[in-house]
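*Asks:* please work out how this folds:
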Amino acid sequence: MRPLGHGGWLATHAIRIDDGAGRRHRLVLRRWARPGWAGDDPTFYASTEAAVLDRLAVVAPDLPAPRLVAVDPDGRTAGTPALLLTHLPGRPPSAAAIGWDAVIHQLVDWLILIHALDGPLERITPGYRSYSSHDELGPPAGSGRPELWARAVDLARQAPPTARARFLHRDYHPGNTLWQAGRLTGIVDWTGASWGPPAADLAHLRGSLAIGPGMQAADRAERLYGEAGGSTDHQRWWDVRTVLDYVPDLSAEAATSDGLARLEAYLESILQET
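*Replies:* Residues are numbered from 1 along each chain as shown. Have a look, this model is predicted:
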């Protein structure tokens, strides 16, 4: 048994089991192992992700998402709510690889496919909700550019643009993908899957790319998404709203890091286009 990732919202471990018949099983255990998990938004409970993964196995068998093996929705067996999933091959992309054109192209291709999924998924996924409320909107601690964030908040408090709702991963970024030999082999962490504006998913990917490899990568993702038939209408509104969603989770250390400077440069760029 070994931990996966760097901790945070869920405790995730890769486990290897040899059963009584001598068969080896490689699985992933995801546990809501945090004090106060019951106070979370029910949108993000284990039962939601289990239902989504069960349905994806039927409606999108070629999608490289893990398969559900078992779920303990209320922690009666595992001690905390938990999911047992199949183990997918590969690792998250390196910081250098995230900016490669082939990587961005595959990220966009799979996002287009996710947004094309329809039918029963609408009935089992919650409606889109922002991660932060209007009361939480504002500059991160340590920012020296309050006027920039004030412009962003003013825009975000306007009514969101209307768009045809689609199935969303909701936390789609390179860190939630797995790669092997230059090929995307897994898309993980479907806890936030929901039904809403596809521009919100693209905005999450763009923000991650802008903070990582830079604006060129973020713009490349948008161009490829549009060329593949995805709508980029009102994209800047969703880009701004997504940046504001990052703020409540920025620690004091992050607020003084290069990451904040890159985030503010990205915010300034997209505000100039609104």
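*Asks:* for residue 108, which non-adjacent residue is closest in space?
*Replies:* residue 224 (4.3 Å; C-beta to C-beta, 6 or more residues apart in numbering). C-beta here means a position set from N, CA and C on the backbone, and glycine is covered the same way.
*Asks:* would you agree the one you found is in contact with residue 102?
*Replies:* No - using C-beta atoms under 8 Å, residue 224 is not in contact with residue 102; the gap is 11.2 Å.
*Asks:* between these two, who's got more neighbours?
*Replies:* residue 224 (19 against 11; other C-beta atoms under 10 Å).
*Asks:* same for the helix or strand where that one lies, what does it pack against?
*Replies:* Element membership for residue 224, per DSSP states H and E: helix 215-227. With contacts defined as 3 or more C-beta pairs under 8 Å, 6 or more residues apart in numbering; DSSP states H and E, helix 215-227 has these neighbours: helix 101-116, helix 198-211, helix 258-272.
*Asks:* whichever helix or strand comes after the first one - what's its average pLDDT?
*Replies:* Counting by DSSP H and E, the element after helix 101-116 in chain order, helix or strand, is helix 121-124. When pLDDT is averaged along helix 121-124, the result is 93.
*Asks:* packing partners for helix 121-124?
*Replies:* Packed against helix 121-124, as judged by 3+ C-beta pairs under 8 Å, 6+ apart, are the following elements: helix 46-59.
*Asks:* list the buried residues of the next helix or strand after the helix it packs on.
*Replies:* Later in the chain than helix 46-59, the nearest helix or strand by DSSP H and E is strand 68-72. Going by neighbour count (16 or more other C-beta atoms under 10 Å), the buried part of strand 68-72 is 68-69, 71-72.
*Asks:* so what's the gap between strand 68-72 and the chain middle?
*Replies:* Averaging C-alpha positions (C-alpha atoms, centre = their mean, to the nearest Å) puts strand 68-72 21 Å from its chain's average.
*Asks:* could you give the angle of the helix or strand just after it to helix 46-59?
*Replies:* As assigned by DSSP H and E, the chain's next helix or strand after strand 68-72 is strand 82-86. Angle, strand 82-86 to helix 46-59, by axes from the mean of the first three to the mean of the last three C-alpha atoms, to 10 degrees: 20 degrees.
*Asks:* so how far is strand 82-86 from its chain's centroid?
*Replies:* Worked out by C-alpha atoms, centre = their mean, strand 82-86 lies 18 Å from the chain centre.
*Asks:* same question, stretch 183-193
*Replies:* Here stretch 183-193 is found 8 Å from its chain centre; the criterion is C-alpha atoms, centre = their mean.
*Asks:* just give the number of residues close to residue 33.
*Replies:* Residue 33, neighbours per other C-beta under 10 Å, totals 17.
*Asks:* ok, now which ones touch the closest residue to it other than its chain neighbours?
*Replies:* Leaving out its chain neighbours, the residue that sits closest to residue 33 by C-beta to C-beta, 6+ apart is residue 11, at 4.1 Å. Neighbouring residues of residue 11 by C-beta atoms under 8 Å, 6 or more residues apart in numbering: 3, 30-31, 33-34.
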